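A.B. asks: Give me a model of this one.
(chains A and B, ligands or ions: 1)
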Amino acid sequence: MRKLLLTSLVVSALCALVPVSAHASEGKEYPLPNVEWSFEGPFGTYDRAALQRGYAVYRQVCSACHSMKRVSFRNLSALGYTPDQIKSVAGEYTYQDGPNDEGEMFERPGRPSDHFKSPFANDKAAMAANGGALPPDLSLITKAREGGADYVFGILTGYGAAPSDVTVLEGQYFNKHMAGHVIKMPPPLTAGAVTYEDGSPQSVEQYAKDVATFLTWAAEPELEQRKQMGFKVLLFLGIFAAIMYAVKRKIWAKVH
Amino acid sequence: MSAGPRTPFENKFIEWFDQRLPIFTMMNKEYGVFPTPKNFNYFWNFGAIAMFMLVTMIVSGITLAMHYAANTGLAFDSVERIMRDVNYGWLIRYIHMNGASFFFIAVYIHIFRGLYYGSYKQPRELLWIFGVVIFLLMMATAFMGYVLPWGQMSYWGATVITNFFTAFPWVGEPIQTLLIGGFSVDNPTLNRFFALHYLLPFVIVGVVFLHVWALHRTGSNNPTGIEPKDERDTLPFHPYYTMKDSFGLLIFAIVYCIFVFFMPNELGHPDNYTPANPMVTPAHIVPEWYFLPFYAILRAVTIDIGIPFTDITIISAKLGGVLLMFGSIAILLVLPWLDSHPVRSARYRPKFRLFLLLFVVTVLVLGKVGGMPADVPLFHITKDFVFTTTHVAQIATVYYFAFFIVILPVLSRIEVVKPMPASIHEAVLKCQSSCGGNA
Ligand code: HEM
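C.D. replies: Residues are numbered from 1 along each chain as shown, chains lettered A, B, ... in the order given. Model (predicted):
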């Protein structure tokens, strides 16, 4: 048995060695930045202040182009907002509703149960306004891209002058981390564009970090509850397993 | 389904019930006093673990189905609603999603155990064949389940895989049309996949029942591969193996829970968090990890087989790949007849052991290249000849089949075995004095 385990280990180690880093694509590869996130690791939680700042960045910048259809205002209570604050944020938007008893559609202020309002009526309108490129819905973006929050941070900070081997057409921008290195999103962040009340630096890096934190929360609002429950479950299973091990040892002790 | 002669029970109600329907007698016979070889190692846990995973999948799956909407316009949203708005919906979905992976992990280890200790050999051939049927049904179930959330990988995976059926002449296209309910993957596909995804697990339950029934006819194999001879070789299933299996299951559950609670998306593909879009093809379409070795075999065939010096193709590369992929699993069905060596356990067959471990490496390598794009250059052999992932897949595929068709039949004739103990009892005693464990 031991020999067998050993062989299997050697075998798996060998497999891991098979070269995989063979990148066929021409041009330079840029590794994603490895940002330190408050929510990383088994004990990680969301930094509430960063979430609130990130929401401000989304609301004042990204929401001009990107929808977040899966998040509703009431979910913002997880960011530390009070019901009254949420009500007033929602109230700043108008939604079409109806039909009423007369059969007419009407406009009304948003409610906490409404989902974030999309900037465009439909995908076609969004593409028409953005040079043919669709700004993806951001509710799940950190789960929908390899690298998650690091990727979003990388995209937002990855603009710069194009190297000679990348052709950037009209309406396109060089971006280190976009597939193919060109993106149709104009650099969305500039230093000082969003005012922070808590004295955090108003830099592109800080904005990018905060909004990526906010988007991770939007994609995985259950993250903190999940990890907390995970520890309880593992504790329970660990103790249970230890007991079963003792029971098994005791029963088997008599066997020859 | 008679349980044989009955011994009366003390409890009045149980006795009353058992006289009329001897379930308690049967349970006691099959899971209480059932004589079980006393030298099992932890590889023998994985049957019970697979059973636990099957139940877990059915319970979590039925709960998901209460909130899921099998319609292309609603499916993705309904899954996201499960994740966000249903109480503990994220938990149920992550249990189901990672459960599929852990079900396959358990079954792969279980199959390896069978190969290593020769559990497929006479008189357990039928038991083994039921096992292969379960494996096939699991693959069909998991494939259709993966389509249900209607993400990009769901859609494109379904498109690519069902398209392979068109490789068969004459019947191919009708089969594909029947499978997807039209000419492209669309709402009818999703509807029938959901219906079948709900049905097949219960078919699996039925085949598992036959599998266990056959097991209880022949009794379990064991690490020596020597049949138990007298009562010194066996122990009653309860409490010895009920307790050992519980311990093993808990360790497995701990690893499973680490994934569910701390890295629930580690085994999945990010593209499946983007709603399906028939107009946008993902850069790199890959199936779930547990299909990768077979996907590699499918893509390994790159040449048409035809009549030499003519343009006539008999087997196109596409058909060849499909045939080999199905063949790679179908060949397991006849394994008991390919390996006719009288000794079961690899413990006493050093050559078989070596070739089997090489086979395991081959499957892992196939899994690795199956997840990579085809034709990725690895290194230069000569100046003009570049060795690629496709070559790796081809060599591995050749070994995969050679193992069954050439190596096993040859070894069956020529392999000389190491000295063997006369009984399980003797093997255990010898091991306790020399190898200090219950291997
Ligand atoms: C043999 C047991 C089973 C296997 C291997 C299996 C496998 C899978 C897989 C791989 C997925 C996709 C997971 C994802 O990416 O979201 C899935 C989804 C699903 N399964 Fe199953 N399943 C099994 C049993 C069941 C049963 C008995 C039901 C009951 C109806 C069920 C209902 C569902 C539903 C509703 C979904 C879509 C929701 C979702 O994607 O999370 N499954 N299944």
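A.B. asks: tell me which strands and helices the helix ranked longest in chain A is in contact with?
C.D. replies: Secondary structure of chain A per DSSP state H: the longest helix is helix A:223-253. With contacts taken as 3 or more C-beta pairs under 8 Å, 6 or more residues apart in numbering or on different chains; DSSP states H and E, helix A:223-253 sits against helix B:89-116, helix B:237-262. From N, CA and C alone the C-beta is placed, and that goes for glycine too.
A.B. asks: Show me what the first one is packed up against.
C.D. replies: The helices and strands touching helix B:89-116, judged by 3+ C-beta pairs under 8 Å, 6+ apart, are helix A:223-253, helix B:46-65, helix B:75-84, helix B:125-147, helix B:237-262, helix B:350-370.
A.B. asks: Dump those to TSV, plus mean pLDDT, distance to the ligand and mean neighbour count.
C.D. replies: Formatted as TSV, the helices and strands packed on helix B:89-116 follow (pLDDT from 0 to 100; distance: least, C-beta to the nearest ligand atom, whole Å; neighbours: other C-beta atoms under 10 Å in any protein chain shown):
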stretch	mean pLDDT	distance to the ligand	mean neighbour count
helix A:223-253	98	16	15
helix B:46-65	98	2	19
helix B:75-84	98	5	20
helix B:125-147	98	2	20
helix B:237-262	97	13	19
helix B:350-370	98	17	19
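A.B. asks: ok, the residue in the stretch 151-300 of chain B that chain A sits nearest to - contacts?
C.D. replies: Taking C-beta to the nearest C-beta as the measure, the point where the stretch 151-300 of chain B comes nearest chain A is residue B:261, at 2.7 Å. Contacts for residue B:261 (C-beta atoms under 8 Å, 6 or more residues apart in numbering or on different chains) come out as A:226-227, A:229-230, A:233-234, B:94.
A.B. asks: quick one: which two of the residues you listed are the most distant?
C.D. replies: Using C-beta to C-beta, those span at most 14.7 Å, a distance reached by A:234 and B:94.
A.B. asks: residues making contact with stretch B:235-246?
C.D. replies: For stretch B:235-246, contacts defined as C-beta under 8 Å, 6+ apart pick out A:244, A:247-248, A:251-252, A:255, B:30-38, B:40, B:44-45, B:48.
A.B. asks: can you do 6 Å?
C.D. replies: Stretch B:235-246 is touched from outside by A:244, A:247-248, A:251, B:31-34, B:36, B:38, B:45, B:48, with contacts defined as C-beta atoms under 6 Å, 6 or more residues apart in numbering or on different chains.
A.B. asks: what stretches of the stretch 151-256 of chain A score poorly on pLDDT?
C.D. replies: The stretch 151-256 of chain A contains residues with pLDDT under 70 at A:256.
A.B. asks: For it, which residue gets nearest to chain B?
C.D. replies: residue A:230 (2.7 Å).
A.B. asks: Which parts of chain B belong to which domain?
C.D. replies: With domains defined by automatic domain parsing, chain B comprises B:40-278, B:286-426.
A.B. asks: Please identify the deepest-packed of those domains.
C.D. replies: Ranked by mean neighbour count, the domains of chain B are led by domain B:40-278 with a mean of 19 (mean count of other C-beta atoms under 10 Å in any protein chain shown).
A.B. asks: ok, residue A:142 - contacts?
C.D. replies: Per C-beta under 6 Å, 6+ apart, neighbours of residue A:142: A:148-149, A:215-216, A:219.
A.B. asks: before we move on, back to that, just give the closest residue to the residue of the stretch 151-256 of chain A closest to chain B, not the sequence neighbours.
C.D. replies: Closest residue in space to residue A:230, ignoring its immediate chain neighbours: residue B:261 at 2.7 Å, by C-beta to C-beta, 6 or more residues apart in numbering or on different chains.
A.B. asks: what does residue A:245 give?
C.D. replies: Excluding its sequence neighbours, the residue lying closest to residue A:245 (C-beta to C-beta, 6+ apart) is residue B:247, at 5.3 Å.
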